[in-house]
Structures are given as structure tokens and as C-alpha cells.
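1. need a 3D model of the following:
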Amino acid sequence: MRYLITAAIATFSLAGGSALAMDTDKIILCATTEVQDCLVTQGCEQVQPEDVDVPTFMRLNLRKDRIEVGDQSVAIERKEEVENRLIMQGAEDGSENRPDGVGWTISVSKDTGRFVATLATEQAGIILFGACTEI
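-> The predicted structure is shown next:
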């Protein structure tokens, strides 16, 4: 279970302390700075993004409601602003090569640009921490 659908993280350390306007006409670039890999029988451990097949960088295309990684993208199925955070959610089916589907949530602070993302499979969870900035 040490993999996830790359496009699902879709899911981010570029914006230090500046506010993020979340202009829906702009692309938001996110960089992952820390990853926790959590397995039901083993607990959590800090790993590199490539260890669990999640991207280091992704683009949030809010105008198209898509998360883009390279030439792949995934739909943002739900998007809501909660207490000055933009929260996005979605789910992806598994495939023949990757049988475990995934549900995901990304929460981006509009004050700092920092984000937390979670990915949940049947027996594993991944937690990503990082930051985003408009490009």
C-alpha cells in the first residue's frame, strides 16, 4: 500500500507568510514539504513523496476545478471555504495496476498558503504538509 494514484494528489513550500488570495482565475502552485505514511498495523512514519508515489509539486486549477500534476489531472468534486481555508475533496477509483481507490481532502489556508492534505485507502493513509502560492 505504499503507493497512491499520482493524479489524486493531487494533492504542495513556496509561500512563506504571505496571504493567498485564491483568485479563481489563477493557478495555485503547491509544494509538498513533509509526508507521513500511515499503515493500519504499523502506525505512521515520515517518508519522501516519491516513497509513496505522491507528487512534490501540483497545480490547483480553481477555474477548471482540477488538480494537475504534469499532464495528468483529477477533478475537484467538492470545494468549500471554511474559516479562511479553502477545502477541496475528491475520490478516485483504483485500476488494474493500482487496485486500491483513494479518497482525498486538501485544506489550504488563505492567510499563510500552508496546506494539509490527506489520502485514505482501505488500509493506509497519507498526510501531506506544504505550502501554496499563486503563479
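2. how many neighbours does the residue nearest to residue 128 when sequence neighbours are not counted have?
-> Nearest-residue entry for residue 128: residue 117, 4.1 Å, with adjacent residues in sequence omitted and distances by C-beta to C-beta, 6 or more residues apart in numbering. The C-beta positions use only the backbone N, C-alpha and C, and glycine is treated the same way. Residue 117: 26 surrounding residues under other C-beta atoms under 10 Å.
3. does residue 117 have beta-bridge partners, and which?
-> When bridges are called by DSSP bridges, residue 117 pairs up with residue 106, residue 128.
4. hmm, it is touching residue 127, no?
-> Yes - counting by C-beta atoms under 8 Å, residue 117 does reach residue 127; the two are 7.3 Å apart.
5. related to what we said a few turns ago, for residue 93, see how far away the residue nearest to residue 128 is.
-> According to C-beta to C-beta, to the nearest Å, residue 117 and residue 93 sit 19 Å apart.
6. tell me the confidence at the residue nearest to residue 128?
-> Here, the pLDDT recorded for residue 117 equals 97.
7. for this structure, what are the low-confidence residue spans?
-> Applying pLDDT under 70 to the chain flags residues 1-24, 97-99.
8. go again with 50.
-> For the chain, applying pLDDT under 50 flags the ranges 1-18.
9. which residue ranges of it form strands?
-> Along the chain, counting by DSSP state E, strands occupy 27-39, 43-47, 57-61, 66-69, 72-75, 78-82, 85-92, 102-109, 114-120, 124-134.
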